[in-house]
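K.L.:
Structure, please.
(chains A and B)
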Protein chains: 2
Amino acid sequence: MKEFDLIKQFFTNQTVKHKEVKLGIGDDCAVIAPIEKQNIVITTDTLVAGVHFPLNTSPRAIGHKAVAVNLSDIAAMGATPSWISLALTVPSVDEGWLSEFGAGVFELCEFYNVQLIGGDTTQGPLSITITAHGLTPKDSYLTRSGASAGDWLYVTGELGDAALALQHIKGEVELEDSLFSTIRTKLDFPKPRVLAGQVIREYASSAIDISDGLSVDLGHICQASNVGANIVLDALPLSAVLRESLLAEDAVKLALSGGDDYELLFTVSEDNKVGLETALSHAGTPVTCIGQINASQTISTTLNNKAISVNMAGFEHFS
Amino acid sequence: MKEFDLIKQFFTNQTVKHKEVKLGIGDDCAVIAPIEKQNIVITTDTLVAGVHFPLNTSPRAIGHKAVAVNLSDIAAMGATPSWISLALTVPSVDEGWLSEFGAGVFELCEFYNVQLIGGDTTQGPLSITITAHGLTPKDSYLTRSGASAGDWLYVTGELGDAALALQHIKGEVELEDSLFSTIRTKLDFPKPRVLAGQVIREYASSAIDISDGLSVDLGHICQASNVGANIVLDALPLSAVLRESLLAEDAVKLALSGGDDYELLFTVSEDNKVGLETALSHAGTPVTCIGQINASQTISTTLNNKAISVNMAGFEHFS
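P.N.:
Take a look at the predicted model:
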């Protein structure tokens, strides 16, 4: 196991230092000196090779994605990411692989001012678990449970590209090389909506990040808030590649059910609608109103102002 | 992946609730309201099936050990464990296995008043990563780097039983069934020295938990503190089973190099020696003085007051 200690060298050269972190990598624990005016938010996500990313994914993309999916959860709380710990399990010590993986981790950490405070490196089937911490002003954070009937439903960015790339990799959909390489970037290097999360914290009533797919994650908001929702299918922000590559109905279905988008899905009261749209516009975050919350406790869909039934994977999940 | 969501039901029935935990399991993140008078310590450890525990280990033991190895790191900082997140990767959903695993996790969590605040359940080769948090009074915690020449070297409990059990499982050592079942408990259900860690916080100059073996972990203290140490081999607290089962020399070697003991190894100045021994005695923690720190930057050993050279696995690790 000694060579696994050598892995540590790949994770000690980092530039980010938070004043709250009194002790970082290298002891039995990291030590944090918290500030009472802030809340700390904590999330953990695991990526398993062949389950959460295709086996041929580049190590740089794996490192990026392992951080990104965790920062996406931090963003969904409206928090600012601050530090992470990294548990890396690899079958063997491959210096080239580790160097690229580390580069993927640190690129994102440095961009978002996130400090690596510790972790563990072990031998076994390739898997990465990151625990990410973030900070918010005290008692000011978003949850899944704050949506009310009448609130508007919003989503950042565009939907379905990551799921389309995965379908192509699995051989289920044919795509031109140039289109595929565009959307493979969305699958491999998702951009967590960190800035948008902080912006909407002042305006949104509830939020979640879309990891399991729009319909499933909207179900989580509805269940936690004890409400229902209607999705206006005409309004869904489908990417250009998605519209070019699939029939309209299939594109909509993929936008509803495809996972791995890591966009934010959130609700806003009528009173906060204009303020939110203005603030996100200043932040340069594309955002679309895709429906409205209601008291029904079910999720419905409309097209051309008419109710329409769509068989969405994941819907049975929400009862 | 839907059935993996069902796993959550095994982890929602818990009785421990900390006042600092504003939001526990069930949202994108847990939320903590920290107290400025306290430091938060954080550690992450992964257990991989077949690497960190034998494949035939009971699920209850796996759950126990995954928590215990993390609480042992918290104890080595002199902190009080407070909450954990759990990332569980299992090949399939086996309700019986999950129920026993969860029982192992919660038994230890409830005993030490530790709240499960979140996590992730994924499909893949069996592996568990826990991130544990603990609390200490502000600026009052132990590190590996505080040892000084002249400090006395102490260890809690007895050494070598877990390593002996592992050698028997691997077929390297024969043991009577009754002896094996005694020490298998030490391998499968290690007891983190949580109370002892809090007691020594006021007295010790440095501390570490013994996970890699006494010689390797003493090396970590010496390296971090820029000192050396002498171990008095006659003083090592060998268990009765170890003394019965092995030749004296082999028993000592195993006590020096065997891992998985999860005892605390720590240093104490001459001035604090009596206070420490008295406090640990009141806490009911067995403790042994096994040597002394010096300025040599090497680790030496003596037997019958004479220098003796012992070939200890792991020693090349410390340079």
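K.L.:
can you map out the strands along chain A?
P.N.:
Taking DSSP state E as the criterion, chain A carries its strands at A:21-23, A:30-32, A:38-48, A:80-90, A:115-123, A:127-137, A:152-156, A:204-209, A:228-232, A:264-268, A:287-294, A:299-303, A:306-308.
K.L.:
what would those strands look like in TSV with mean pLDDT, distance to B:Glu202 and mean neighbour count?
P.N.:
Glycine gets a C-beta too; all of them are placed from N, C-alpha and C. What follows is the strands of chain A, written out as TSV (pLDDT from 0 to 100; distance: least, Cβ to Cβ, whole Å; neighbours: other Cβ atoms under 10 Å in any protein chain shown):
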stretch	mean pLDDT	distance to B:Glu202	mean neighbour count
strand A:21-23	95	19	19
strand A:30-32	97	17	23
strand A:38-48	97	27	25
strand A:80-90	97	28	25
strand A:115-123	93	25	23
strand A:127-137	98	28	27
strand A:152-156	98	51	24
strand A:204-209	98	44	26
strand A:228-232	97	56	21
strand A:264-268	98	47	28
strand A:287-294	98	54	20
strand A:299-303	95	57	18
strand A:306-308	92	69	9
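K.L.:
Let me have the ones you listed in JSON lines, extended by distance to chain B.
P.N.:
JSON lines is the format used below for the strands of chain A (distance: least, Cβ to the nearest Cβ, whole Å):
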{"stretch": "strand A:21-23", "distance to chain B": "7"}
{"stretch": "strand A:30-32", "distance to chain B": "4"}
{"stretch": "strand A:38-48", "distance to chain B": "4"}
{"stretch": "strand A:80-90", "distance to chain B": "4"}
{"stretch": "strand A:115-123", "distance to chain B": "5"}
{"stretch": "strand A:127-137", "distance to chain B": "4"}
{"stretch": "strand A:152-156", "distance to chain B": "15"}
{"stretch": "strand A:204-209", "distance to chain B": "6"}
{"stretch": "strand A:228-232", "distance to chain B": "18"}
{"stretch": "strand A:264-268", "distance to chain B": "10"}
{"stretch": "strand A:287-294", "distance to chain B": "18"}
{"stretch": "strand A:299-303", "distance to chain B": "16"}
{"stretch": "strand A:306-308", "distance to chain B": "24"}
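K.L.:
mind putting the ones you listed in CSV, distance to B:Thr57 included?
P.N.:
Shown next, in CSV, are the strands of chain A (distance: least, Cβ to Cβ, whole Å):
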stretch, distance to B:Thr57
strand A:21-23, 33
strand A:30-32, 29
strand A:38-48, 21
strand A:80-90, 18
strand A:115-123, 16
strand A:127-137, 19
strand A:152-156, 45
strand A:204-209, 36
strand A:228-232, 45
strand A:264-268, 41
strand A:287-294, 48
strand A:299-303, 43
strand A:306-308, 53
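K.L.:
I'd like to know which of these lies nearest to B:Ile221.
P.N.:
strand A:21-23 (15.1 Å; Cβ to Cβ).
K.L.:
Show me the strands paired with that closest one, marking each as parallel or antiparallel.
P.N.:
strand A:30-32 (antiparallel) (DSSP bridges).
K.L.:
if we compare the strands of chain A, which one ends up closest to B:Thr136?
P.N.:
Nearest of the strands of chain A (Cβ to Cβ): strand A:30-32, 8.0 Å.
K.L.:
So, low pLDDT: which residues of the stretch 201-319 of chain A?
P.N.:
Along the stretch 201-319 of chain A, segments meeting pLDDT under 70 span A:311-319.
K.L.:
change it to 90
P.N.:
Filtered on pLDDT under 90, the stretch 201-319 of chain A yields the residue ranges A:258-259, A:261, A:297, A:309-319.
K.L.:
what ranges do the helices span in it?
P.N.:
A:214-225, A:240-245, A:248-257, A:273-283 (DSSP state H, counting those that start in this stretch).
K.L.:
now, of these, which is deepest in the fold?
P.N.:
helix A:214-225 (a mean of 23; mean count of other Cβ atoms under 10 Å in any protein chain shown).
K.L.:
just to revisit the earlier point, looking at the helices of the stretch 201-319 of chain A, spot the one closest to B:Gly26.
P.N.:
Checking these against B:Gly26 by Cβ to Cβ gives helix A:214-225 as the closest, at 7.3 Å.
K.L.:
Export stretch A:61-76 to PDB, keeping only CA atoms.
P.N.:
Listed next in PDB are the C-alpha coordinates belonging to stretch A:61-76 (Å, rounded to 0.1, in the frame of the first residue of the first chain):
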ATOM      1  CA  ALA A  61     -12.900  14.900 -17.300                       C
ATOM      2  CA  ILE A  62     -13.300  12.400 -14.400                       C
ATOM      3  CA  GLY A  63     -11.500  14.800 -12.000                       C
ATOM      4  CA  HIS A  64     -13.600  17.800 -13.300                       C
ATOM      5  CA  LYS A  65     -16.900  16.000 -13.100                       C
ATOM      6  CA  ALA A  66     -16.300  14.600  -9.600                       C
ATOM      7  CA  VAL A  67     -15.900  18.100  -8.300                       C
ATOM      8  CA  ALA A  68     -18.600  19.600 -10.600                       C
ATOM      9  CA  VAL A  69     -21.400  17.300  -9.400                       C
ATOM     10  CA  ASN A  70     -20.700  18.300  -5.800                       C
ATOM     11  CA  LEU A  71     -20.400  22.000  -6.500                       C
ATOM     12  CA  SER A  72     -23.700  21.700  -8.300                       C
ATOM     13  CA  ASP A  73     -25.400  20.600  -5.000                       C
ATOM     14  CA  ILE A  74     -23.700  23.500  -3.200                       C
ATOM     15  CA  ALA A  75     -25.100  25.800  -5.900                       C
ATOM     16  CA  ALA A  76     -28.600  24.400  -5.400                       C
END
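K.L.:
Indicate which one of the strands of chain A is closest to B:His282.
P.N.:
Across these, B:His282 has its closest neighbour in strand A:30-32 (27.1 Å, Cβ to Cβ).
K.L.:
can you list contacts of that closest one?
P.N.:
When contacts are defined by Cβ atoms under 8 Å, 6 or more residues apart in numbering or on different chains, strand A:30-32 is touched by residues A:20-24, A:40, A:83, A:85, A:117-118, B:39-43, B:77, B:141.
K.L.:
For A:Gly50, which non-adjacent residue is spatially closest?
P.N.:
Nearest non-adjacent residue to A:Gly50, counting by Cβ to Cβ, 6 or more residues apart in numbering or on different chains: B:Gly124, 7.7 Å away.
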